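In: below are the sequence and a predicted model; questions follow.
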Amino acid sequence: MQASFYVLNAHTASDTQAVLDFVCKLIQTVLKKSEHSLVVVDNDDARLVMLDKYLWEFEATSFIPHQLNISNAINTPDIRSPVLLTDTFPAHFDGIILNLSPTAVPLNNQLTPERILEIITPDNDSQQQGRDKYKHYRSLGLTLNHFKL
């Protein structure tokens, strides 16, 4: 299992739209290169709703099939599309997780993703959360990748 950290520079992460644009490009790349499902987890429901809207409008020439599932709307995620946007980590999932939440993915016997993707923005909170996640995944023996953008 591996975790990849994408560290955005101040120019790339200058505003919410730029970050959402990067997230959409990353989702598109994952879908092209992998046969696994992708779950995007974020504890910020408003940002998930914005990402849902942004995925519909992202590129006129391509469509990213996705589903929005906020836990207070549906308690048990039902992954029917290649991309699930949710605020909870799904049990029994072995695909790819794009983690936008401030905490590390809680790996256990039920949640064993193929790969974890983490995005780090240049603000102090995100950088500290990224360090904490990195240490956690390293302690679990995951293969770690680091990409500065």
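Out: Now that the structure is in, tell me what you want to look at. Numbers count the residues shown, from 1 in each chain.
In: and Arg47, how far is that from Ile97?
Out: 16 Å (CB to CB, to the nearest Å). Heads up, the C-betas are built off the backbone N, CA and C, glycines and all.
In: ah, wrong one, I meant Asp45
Out: 18 Å.
In: what about the strands in this structure?
Out: For the chain, the strands defined by DSSP state E occupy 2-7, 38-41, 66-69, 83-86, 96-99, 115-120, 143-148.
In: packing partners for the third one?
Out: Packing contacts for strand 66-69, counted by 3 or more CB pairs under 8 Å, 6 or more residues apart in numbering; DSSP states H and E, involve helix 45-57, strand 83-86.
In: mind listing the strands that strand pairs with, and their directions?
Out: Within its sheet, strand 66-69 is paired with strand 83-86 (parallel), according to DSSP bridges.
In: using PDB, write out every CA atom in the strand it pairs with.
Out: Listed next in PDB are the C-alpha coordinates belonging to strand 83-86 (Å, rounded to 0.1, in the frame of the first residue of the first chain):
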ATOM      1  CA  VAL A  83     -15.900   8.400  -7.900                       C
ATOM      2  CA  LEU A  84     -17.600   8.900  -4.600                       C
ATOM      3  CA  LEU A  85     -17.500  12.200  -2.700                       C
ATOM      4  CA  THR A  86     -18.200  11.600   1.000                       C
END
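In: tell me which residues in it are buried?
Out: For strand 83-86, the neighbour count (16 or more other CB atoms under 10 Å) marks Val83, Leu84, Leu85, Thr86 as buried.
In: I appreciate the help and will end here.
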